[in-house]
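**Student:** generate coordinates for the sequence data below:
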Amino acid sequence: MDEDPFLRMSGVRKEFPGVVANDDVDFSVRRGEIHGLLGENGAGKSTLMKVLYGLYDADAGSVHLGGEPLDLDSPQDAIDRGIGMVHQHFKLIPRLSVAENVVLGEREPAGPFRDRGGTGGADAGGTDAEGDSDGWLPDAVRTNRVARALAERFTIGLDASAAEIEALADDYGFDVDVRAPVAELDVGERQRVEILKALYRDVDLLILDEPTAVLTPNEAERLFETLRTLADSGISIIFITHKLGEATAITDRVTVLREGETVGTVETGSVDQAELARMMVGREVLFSLDKERVEPGDPVLDANGLRAEDDRGIEALSGIDLSVRAGEIVGIAGVSGNGQRELAEALAGVRDPTAGTIAVGGRDLTGEPARAFVDGGVSFVPEDRHEYGCAEELSVMHNAALKELRDDRFDDGPFLDYDELARYAEEIVDEFDVRGVHDVREVPAGDLSGGNLQKLILGRELVRDPDLLVAHQPTRGVDVGAIEFLREAILDQRAEGTGTVLISEDLDELFDLSDRLLVIYEGEIVHETTPEAADRERVGMRMTGGVDADGSGPASEADADADAADRAMTDGGGVGADGDASGGSGGDRR
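**Tutor:** Numbering: from 1, shown residues only. Take a look at the predicted model:
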């Protein structure tokens, strides 16, 4: 790795009305380095990268790349200078194929003019990705800038070879069908397509914004392998993340921002996660929470035989039985795509079940509209805070009061009392430490950083003092300080008697917060235990289908006996003389 900076940003300042997002920030990256960029939500990380990518103009400061001044008017200028960015929310068109998405926006010259020697395509001698020689065109013509410009102007970019892109994918170990529509790809594959888009444009510097926020642990591991391969080939990588474990696992150095300022840059091997957390939030961070014992009350949720279909009309839930008592947190573990979204939406009343019943507080709500669930004491934190958790264009005030607008306290004759609405929103903002809000009436919810938007959504749902909270990935994509706050808020609500269904792909979170732990696989509850009695390896095995570590077949009889013992330790379950458990959701399902 070259020790000299390849990228240098000096004294970068960027202001928005009422907010200094970047306050004289210094940041540098070496060639072939994976450089972590850490900070709380709202610390200025994304703003700094948008300045680097040409999306924002800096108010002050300078940027140099490869020793040359970098003056960008648009992202296209950044791309032309060898900078690529993979956004947290992918910029792909689902109906187009992988190859079409990769070349989208490019004017591909005719085959003889192409030169993809550095990216797995045509070599310097003019051989294309399919091995056909275009050597009939003299090099003097092929490399002539005027001739190439004319060739690009008079082509429409539809003759780009899928084989060329496939060769590029093979070079970097990407297992992606370049002819497949993006709509058919899973989240991990879509992210690899985004990286392919950047590599196809010959990047020297790749920016990844929260790249693992929507990935499973296995997908994240594959991404890390890819990033190390890219770095070894000389590409510099900026890795924006909230996850301290990832920062210490994959980066060479880390720069920490706090409140728009540079706290410092450290060699990753010289610090631990606790030190990075202190740099991020300016205080000690609790990585594990003290969970006080709460005596569960009466059932607040009874779901029996619940079946539901996904958006394609394919059955996603196959007879779920689930009960939750007041003051109890029931965690749902599983690999993404095994029915978690459909379960959460069915329990919150936003997806109609095809069979089964849902009762909240003893009232049958099966088939009722979402409003009946809200009025029945159900609060919902959806998986995607931007698409389903808020109305991005509306103000913080409107979003905070979305579920309470019919309350008499907000009546002002035939109109709404906006002063009272603003006071209500300000109380949520203050109580849940929602930052970046100088005026609840003016700031759109979509302008908040991810963690602050999540705190606003959770605050809106908890101030209602619900009987049942359905929380789906409540801490996904938020920083360590916000995670601590959100988890404490859920535990505080547990102490107030709220029953909670906690659906998460973070096993640490489930083990820390849950009173009971269920595993969902292919739309069925296949395992039930408690965090105290659970074996993490067994839980992980059930998440992937309940096979032995060698993949030889179903779990053994000994495992079944152990699971029965696990169930006996859960509230309301007992083991009879024949070893079968009663109560709960049935332990392991074969």
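**Student:** show me the shaky parts of the stretch 251-400 of the chain.
**Tutor:** Within the stretch 251-400 of the chain, the segments meeting pLDDT under 70 span 285-289.
**Student:** if we go to 90?
**Tutor:** Residues of the stretch 251-400 of the chain that meet the criterion pLDDT under 90 lie in 259, 273-274, 277-278, 280-294, 311-312, 334-338, 383-388.
**Student:** quick one, helices of it?
**Tutor:** With helices called from DSSP state H, counting those that start in this stretch, the stretch 251-400 of the chain shows them at 273-281, 340-348, 370-375, 396-400.
**Student:** so can I have a markdown table of the ones you listed showing distance to His386?
**Tutor:** The way it works is simple: take the backbone N, C-alpha and C, and place the C-beta from them, glycine included. Converted to a markdown table, these look like this (distance: least, CB to CB, whole Å):
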| stretch | distance to His386 |
| --- | --- |
| helix 273-281 | 23 |
| helix 340-348 | 15 |
| helix 370-375 | 19 |
| helix 396-400 | 12 |
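**Student:** in TSV: those helices, plus distance to Val98 and mean neighbour count.
**Tutor:** As requested, those are exported to TSV (distance: least, CB to CB, whole Å; neighbours: other CB atoms under 10 Å):
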stretch	distance to Val98	mean neighbour count
helix 273-281	36	18
helix 340-348	24	24
helix 370-375	36	16
helix 396-400	36	25
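**Student:** figure out which of these is closest to Glu295.
**Tutor:** Shortest distance between Glu295 and the helices of the stretch 251-400 of the chain, using CB to CB, is found for helix 340-348: 23.5 Å.
**Student:** could you say what helices and strands that closest one packs with?
**Tutor:** strand 299-309, strand 315-325, strand 378-381, strand 468-472, strand 499-503 (3 or more CB pairs under 8 Å, 6 or more residues apart in numbering; DSSP states H and E).
**Student:** hmm, who's touching that helix?
**Tutor:** Contacts to helix 340-348, defined as CB atoms under 8 Å, 6 or more residues apart in numbering, come from residues 301, 303, 306, 308-310, 316-317, 320, 322, 332, 334, 351-353, 358, 370, 373, 378, 380, 382-383, 468, 470, 472, 501, 503, 520, 523.
**Student:** pull out the buried members of those.
**Tutor:** 301, 303, 306, 308-309, 316-317, 320, 322, 332, 334, 351, 353, 358, 373, 378, 380, 382-383, 468, 470, 472, 501, 503, 520, 523 (16 or more other CB atoms under 10 Å).
**Student:** show me the strands in the stretch 401-550 of the chain, by range?
**Tutor:** All strands of the stretch 401-550 of the chain, identified by DSSP state E, counting those that start in this stretch, fall at 411-412, 415-416, 468-472, 499-503, 516-521, 524-529.
**Student:** one step back: let me have the helices and strands packed on helix 340-348 in TSV, extended by distance to Glu484.
**Tutor:** Below are these laid out as TSV (distance: least, CB to CB, whole Å):
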stretch	distance to Glu484
strand 299-309	26
strand 315-325	24
strand 378-381	17
strand 468-472	16
strand 499-503	16
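**Student:** out of those, nearest to Asn338?
**Tutor:** Using CB to CB, those put strand 315-325 closest to Asn338, at 8.3 Å.
**Student:** direction included, what does that closest one pair up with?
**Tutor:** Next to strand 315-325 in the sheet, as set by DSSP bridges, lie strand 299-309 (antiparallel).
**Student:** give me the contact list for the partner strand.
**Tutor:** Here strand 299-309 makes contact (CB under 8 Å, 6+ apart) with 315-326, 339, 342-343, 345-347, 351-362, 377, 467-468, 498-499, 501.
**Student:** change it to 7 Å
**Tutor:** Under the contact criterion CB atoms under 7 Å, 6 or more residues apart in numbering, strand 299-309 has outside partners 315-326, 342, 346-347, 351, 353-361, 467-468, 499.
**Student:** Met49: which of the strands of the stretch 401-550 of the chain is closest?
**Tutor:** Nearest of those (CB to CB): strand 468-472, 27.9 Å.
**Student:** pLDDT of the closest one, averaged?
**Tutor:** Throughout strand 468-472, pLDDT has a mean value of 96.
**Student:** how far off centre is it?
**Tutor:** Here strand 468-472 is found 18 Å from its chain centre; the criterion is CA atoms, centre = their mean, to the nearest Å.
**Student:** so what does it touch, helix or strand wise?
**Tutor:** When contacts are defined as 3 or more CB pairs under 7 Å, 6 or more residues apart in numbering; DSSP states H and E, strand 468-472 sits against helix 340-348, strand 378-381, strand 499-503.
**Student:** pull the CA atoms of the shortest one into PDB?
**Tutor:** In this case it means strand 378-381. In PDB, the C-alpha atoms belonging to strand 378-381 read as follows (Å, rounded to 0.1, in the frame of the first residue of the first chain):
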ATOM      1  CA  VAL A 378     -50.800  -1.800  18.100                       C
ATOM      2  CA  SER A 379     -47.700   0.200  17.200                       C
ATOM      3  CA  PHE A 380     -45.500  -0.700  14.300                       C
ATOM      4  CA  VAL A 381     -41.800   0.100  13.400                       C
END
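**Student:** thanks again, I'm all set now.
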